[in-house]
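Colleague: starting from these lines, generate the structure:
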Amino acid sequence: MARSGIMKIAGRCGVSHMTVSRILSGKAELHSAKTVERVRKAAAEMGYRPNLVAQSMQTGHTRMIGVILRASHGSWFSDLQCGIHDHLVARGYLPITLEMSSDAERNAELLQHMLGRRVEGLVLWHFSDTVMEESLLADLPVVMIDTPDPRGESFDFVGTDDVLGGRLAADHLLELGHRHAATVSFEMLSTMRDRSGAFSGAMRAADGGTCRDVTLRDHGDQAVSASIRELLSDASIPTAIFAGSDRIAWLAIREAKAMGLSVPDDLSVVGYADLDFAEMITPPLTTIRQAPAGIGGQAADLLLDRVESGEAAGEPQRILLKPELVVRESTAAVD
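Modeller: A predicted model of the protein is given here:
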């Protein structure tokens, strides 16, 4: 802290410099509400700005949080990042955000950058085992978001109830009379496996229900489109597709139209996420809405609760936000 500034505030308020120091460094509970109000008002009027670097050296707390997210500029990740940012800042912490790489060694380097700046906790998205070990060695609170730790529940996790999401999609299509459906999702993502697995199980449990699961290894649009064309070229074409993401759903609609199929008259399509473009495509997409800002906010609060309690190694918590079915024009009843 700037000692001269504290001394001036103390002189103006008629209190000791130690009183001012305690109030402005987060220990206001040691003084009366009237004194705290007087000191803070004087500090604001005098344009006082605390030296946070000096504070961190004295207390050992940097009030910085490391956030490493997927390298994506879509609306989902923007909302997720805003949720994290807003909740951290509201509680007086500064997020340091970096974009994760597809290279495990690069991710380990990013993590070392964070640790070198003495972050007090980490918010991570879908990291490799190597990076997980690095964060464990750092003895810091860690919260995983969207995609849980692939090795098990070693860390706190905040995400979507994807099993419920898959069931919501299945229930919607079953109510419309569909009994022959397909899922299209990426193999590597456990979240998509949860969605498609719940959907498939619900469809097959229905009287006369069938479901074909298309698992994608290549994330490229061309590979996804080729798999969808193959699915729709089969003799037993499904009447509905449940896509693991809105983008896969959009590709399914595009390929169906190119093959002369009408959506939703010949083929109903359900997506997942409710991204910005979902209601703007033709036809507007029926989808399962997630709450990325809510995920980010709850992850930030859970992490800060760990940081402030000093219980980094407590029993891992798992928070799943409920998704919501959004019905638009890409689904219709079976004739």
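Colleague: kindly export the longest helix along the chain (C-alpha atoms) in CSV.
Modeller: The helix spanning the most residues in the chain, taking DSSP state H as the definition, is helix 292-309. Extracted as CSV, the C-alpha positions of helix 292-309 are listed here (Å, rounded to 0.1, in the frame of the first residue of the first chain):
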residue,chain,number,x,y,z
PRO,A,292,-23.0,-21.4,-20.3
ALA,A,293,-23.0,-18.2,-18.3
GLY,A,294,-24.6,-20.0,-15.4
ILE,A,295,-21.9,-22.8,-15.7
GLY,A,296,-19.2,-20.2,-15.6
GLY,A,297,-20.6,-18.2,-12.7
GLN,A,298,-21.2,-21.3,-10.6
ALA,A,299,-17.7,-22.6,-11.4
ALA,A,300,-16.2,-19.2,-10.3
ASP,A,301,-18.2,-19.2,-7.0
LEU,A,302,-17.3,-22.8,-6.2
LEU,A,303,-13.6,-22.1,-6.8
LEU,A,304,-13.6,-19.0,-4.7
ASP,A,305,-15.3,-20.8,-1.9
ARG,A,306,-12.5,-23.3,-2.0
VAL,A,307,-9.8,-20.5,-2.1
GLU,A,308,-11.3,-18.6,0.8
SER,A,309,-11.9,-21.6,3.0
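Colleague: so what touches it?
Modeller: Residues outside helix 292-309 that contact it (CB atoms under 8 Å, 6 or more residues apart in numbering) are 65, 76-77, 79-88, 91, 93, 120-123, 141-143, 145-146, 156, 158-160, 312, 314, 317, 319, 321. Backbone N, C-alpha and C define where each C-beta goes, glycine included.
Colleague: quick one: which of the residues you listed sit in helices?
Modeller: The helices, defined by DSSP H, take in 76-77, 79-88 from the contacts of helix 292-309.
Colleague: just the buried subset of those residues, please.
Modeller: 76-77, 79-81, 83-85, 87-88 (16 or more other CB atoms under 10 Å).
Colleague: how about low-confidence regions in the stretch 101-250 of the chain?
Modeller: Flagging of the stretch 101-250 of the chain using pLDDT under 70 yields the residue ranges 127-132, 135-138, 150-153.
Colleague: could you pull out the helices in it for me?
Modeller: Remark: helices assigned in the stretch 101-250 of the chain by DSSP state H, counting those that start in this stretch are 104-116, 129-137, 162-175, 190-205, 221-233, 246-258.
Colleague: turn these into CSV, including mean neighbour count.
Modeller: Formatted as CSV, the helices of the stretch 101-250 of the chain follow (neighbours: other CB atoms under 10 Å):
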stretch, mean neighbour count
helix 104-116, 15
helix 129-137, 15
helix 162-175, 22
helix 190-205, 21
helix 221-233, 16
helix 246-258, 21
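Colleague: now the ones you listed as JSON lines including distance to residue 43?
Modeller: Converted to JSON lines, these look like this (distance: least, CB to CB, whole Å):
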{"stretch": "helix 104-116", "distance to residue 43": "31"}
{"stretch": "helix 129-137", "distance to residue 43": "37"}
{"stretch": "helix 162-175", "distance to residue 43": "48"}
{"stretch": "helix 190-205", "distance to residue 43": "47"}
{"stretch": "helix 221-233", "distance to residue 43": "55"}
{"stretch": "helix 246-258", "distance to residue 43": "48"}
